[in-house]
Structures are given as structure tokens and as C-alpha cells.
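Asks: build me a model from this:
(one chain, ligands or ions: 1)
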Amino acid sequence: MIQDADFWEYLDRLVAESRVVIDRPRLSPHPRYPNLIYPLDYGYLQATTAIDGGGIDVWLGSLPERRLAALALTVDLEKRDAEIKLLLGCTADETQVVMDFLNGASMRALLVRREAELDFLRTRRSVRCFLARPVSRTILKRLIEVATWAPSSHNCQPWRFAVLTDPQARSRLALAMGVEFRNALLADGLSENEADRQVEHSLARIQEAPAAILLCLDTSQGAPYPDRVRQRAEYLMGVQSVALAGGHILLAAHLLGLSGVWLCAPIFAPEAANQALALPPTWQPQGLLLVGYPAKTPPKSVRRRETDIALFFEEQGS
Ligand SMILES: Cc1cc2nc3c(=O)[nH]c(=O)nc-3n(C[C@H](O)[C@H](O)[C@H](O)COP(=O)(O)O)c2cc1C
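Replies: Residues are numbered from 1 along each chain as shown. Modelled structure (predicted):
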């Protein structure tokens with residue numbers, strides 16, 4: 001990955017030190033194939049050399065910041081050459097338009113995205129609405145296996161999972177947690193009708209998801225410290241480790257084309273959740289992941305800027 005970052009930074013330097021010349025503006029026809037219309041400004045970096053002897057090709061999008069977010073590798077059977085083309089300041093739609101343009105006639109193109117893995121992390125969403133399509137045991141086992149690669153305190157791997165595809169097991173769990181949820185809502189002063197409505201909504205979500213994974217902490221796994229302070233720290237590290245495993249599952253699901261959402265319900269009713277499924281007594285439920293194929297993926301939610309949430313302690317002059 002470090003080498004990857006270096007590669008893009010070197011290209012950034014080349015772009016920053018070059019003038020972009022647009023010799024084929026957007027909507028102009030191709031000189032040899034007049035039916036081919038350039039969908040975006042197309043040109044080259046002045047005073048650079050590409051394989052065809054000209055400058056390095058550039059597609060220029062509409063984003064004001066001309067960030068280099070991707071490049072296209074092309075192979076042309078007619079010209080019998082291969083090239084790279086830089087995509088500067090292109091939106092996702094513009095990138096697609098460029099790729100459609102390049103994948104025509106005698107040419108094929110491959111898109112190399114910058115920091116594709118980071119974009120993958122940015123595109124995970126909490127999905128609450130799933131297709132009826134079942135999630136296979138193979139996939140669920142793979143999600144659990146990937147979860148075991150999360151970090152954990154002393155590598156004690158205190159996570160435990162109840163994997164629920166059986167609708168009856170999910171109903172038992174949902175109903176048991178629902179009783180506690182309803183009592184809490186009534187204690188908050190909600191009317192019986194409103195409490196019932198909220199509980200029904202929660203039950204329906206759990207019942208309608210094709211699969212659910214109850215994330216548990218095995219409380220027997222931590223180091224046996226004699227004092228309360230370290231016992232609490234050990235417990236918290238266990239909870240943190242389980243949360244990391246849950247995060248791994250959500251990301252792995254995203255990678256496999258599935259989606260999920262973390263529901264907090266079990267943390268409010270851990271004993272009821274444990275008993276509903278007759279789990280080992282040391283398994284303390286922490287959260288419930290609903291998993292399935294997304295029916296509707298919510299749009300990007302707002303994120304705080306990194307400069308608002310992090311303090312950077314930097315060496316002077318760095
Ligand atoms: C510990 C935890 C508990 C959550 N509990 C719930 C929940 O009970 N119900 C729900 O709909 N979403 C729940 N979520 C999902 C968050 O609402 C969601 O992550 C957040 O709104 C950001 O949206 P995104 O995941 O799509 O980026 C929970 C997430 C976490 C990490």
C-alpha cells in the first residue's frame with residue numbers, strides 16, 4: 001500500500017508540474033471517426049511523453065479540484081499500443097462515461113482507482129431493508145471466519161456468535177427482547193398504543209431480515225484480575241473486541257455484495273436474549289446484526305470532518 005501511495009503521489013507531482021492542454025474539447029468529434037464524440041474535455045500534459053510519442057493523455061472532468069482519482073489502462077488492437085490516461089477531476093458518472101467511450105471499437109480499457117480500498121470503506125452503509133433472497137450457510141460461515149481476524153485484547157477472541165436464519169429462532173429472540181423494550185417504553189411514559197407500535201416495528205425488522213447474527217461477549221474469556229478497576233477495563237476490552245468483530249462482519253458483508261445493520265436491542269436485554277436462544281450462560285449479547293442482500297441502500301450520511309474530530313500533534317516543520 002505504501003508503494004501504491006507513492007505511485008499516485010508521483011503522478012500528482014507530474015500533473016502539478018505540467019500544463020493541461022485540451023486539444024479535443026467536450027462534444028467535439030474524433031478526428032478520424034467523426035461519429036465518435038468526446039464526452040469530456042480530452043487532452044494531454046504538456047512536456048510529457050507517452051508511448052505514442054505525444055504527451056500523457058488526460059480526461060478532464062467538471063470537479064473544480066482537478067484531483068487525480070483514477071487512471072485508465074487501454075489496449076488498442078488497431079494502433080497496436082497500450083497507454084495510460086489520467087482522469088482528473090472526474091465525478092463517478094463522468095468516470096463511467098469515459099470508460100464507456102474507451103471501451104469501444106478496437107479498444108478496451110481498465111479503470112485503476114486511487115485508494116479503491118478506502119472508497120470501499122467509505123461506501124458501507126447501514127441497510128435496514130433486504131431482499132427476500134436467503135443468505136447461504138457458506139456465506140454466513142465466511143462472515144464469521146473473517147470476524148475472527150479482528151483484533152482482540154490479549155488475542156483472547158472473546159466474541160461468540162449465534163447465527164440465526166431460522167425464522168422461529170429470530171422470532172423467539174425478537175419477542176423476548178420486545179417484552180423488555182415495551183416495559184422500558186411504558187416506564188418512559190409512552191402510551192400502550194405507542195409502545196406496541198414501536199415494539200411491532202422492531203419485531204418486524206428482525207423477523208423480515210433473511211439472517212441475523214447475535215454478537216456476544218464470552219465473559220469467561222478475560223484475564224482474571226483481582227481488582228475492580230482492572231476487571232472493568234478487561235470487560236470493556238472484551239466489549240471493544242466484540243465490536244471490532246461486528247465491524248469486520250459488516251465490512252465483509254459489504255465486500256460480498258450483502259449489507260447489514262447493527263441493532264442495539266440486545267444490549268438493553270442481554271439476559272432475555274441469552275435465554276430466548278438457550279445460549280451458554282457466559283455468552284453476554286452485545287448487539288444484533290441483520291444481514292441480507294440490500295433492497296434499498298441509503299444515501300451517504302453526513303460525516304464529521306477529520307479536522308473537527310482529531311487533534312494532530314505534529315512535529316514542528318513536518
Ligand atoms: C453500537 C451501534 C448500535 C446501533 N444501533 C442501531 C439500532 O438499534 N437501530 C438502527 O436502525 N441502527 C443502529 N445502528 C446503526 C447506526 O444508526 C448507523 O451506523 C449510523 O446511523 C450511521 O449510518 P451508516 O452505518 O449507514 O453509515 C447502530 C450502530 C452501532 C455502531
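
Asks: just the strands in the stretch 151-300 of the chain please.
Replies: 159-164, 211-218, 259-263, 283-292 (DSSP state E, counting those that start in this stretch).

Asks: pipe these into TSV and attach mean neighbour count per row.
Replies: Every C-beta, even on glycine, is put in place using the N, C-alpha and C of the backbone. Output for the strands of the stretch 151-300 of the chain, formatted as TSV (neighbours: other C-beta atoms under 10 Å):
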stretch	mean neighbour count
strand 159-164	22
strand 211-218	24
strand 259-263	22
strand 283-292	24
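
Asks: quick one, which of the ones you listed gets closest to residue 105.
Replies: The closest of the strands of the stretch 151-300 of the chain to residue 105 is strand 259-263. By C-beta to C-beta, the value is 37.7 Å.

Asks: neighbours of residue 201, how many?
Replies: Using other C-beta atoms under 10 Å, the number of residues around residue 201 comes to 9.

Asks: before we move on, back to that, of the strands of the stretch 151-300 of the chain, which is nearest residue 192?
Replies: Across the strands of the stretch 151-300 of the chain, closest to residue 192 is strand 259-263 (C-beta to C-beta), at 23.2 Å.

Asks: give me the angle between that closest one and strand 211-218.
Replies: Between strand 259-263 and strand 211-218, the angle comes out at 50 degrees (axes from the mean of the first three to the mean of the last three C-alpha atoms, to 10 degrees).

Asks: get me the contact residues on this protein for the ligand.
Replies: 125, 126, 128, 261, 262, 263, 264, 287, 298, 301 (C-beta under 6 Å from any ligand atom).

Asks: can you give me the pLDDT of the nearest residue to the last one once chain neighbours are set aside?
Replies: Spatial nearest neighbour of residue 301, chain neighbours left out: residue 125 (7.7 Å); criterion: C-beta to C-beta, 6 or more residues apart in numbering. Residue 125 is assigned 95 on the pLDDT scale.

Asks: one more: residue 223?
Replies: The model's pLDDT for residue 223 equals 88.

Asks: then residue 177?
Replies: For residue 177, pLDDT reads 98.

Asks: try residue 105
Replies: For residue 105, pLDDT reads 80.

Asks: quick one, phi/psi of it?
Replies: Main-chain torsions, residue 105, degrees, to the nearest 10: phi 40, psi -120.

Asks: residues contacting it?
Replies: 33, 78 (C-beta atoms under 8 Å, 6 or more residues apart in numbering).

Asks: just residue 128 next, same as before
Replies: Here residue 128 is in contact with 205, 261, 290, 298 (C-beta under 8 Å, 6+ apart).

Asks: so can I have JSON lines of these showing pLDDT?
Replies: What follows is the contacts of residue 128, written out as JSON lines (pLDDT from 0 to 100):
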{"residue": "205", "pLDDT": "96"}
{"residue": "261", "pLDDT": "98"}
{"residue": "290", "pLDDT": "98"}
{"residue": "298", "pLDDT": "89"}
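
Asks: quick check: end-to-end length of stretch 209-229?
Replies: 40 Å (C-alpha to C-alpha, to the nearest Å).
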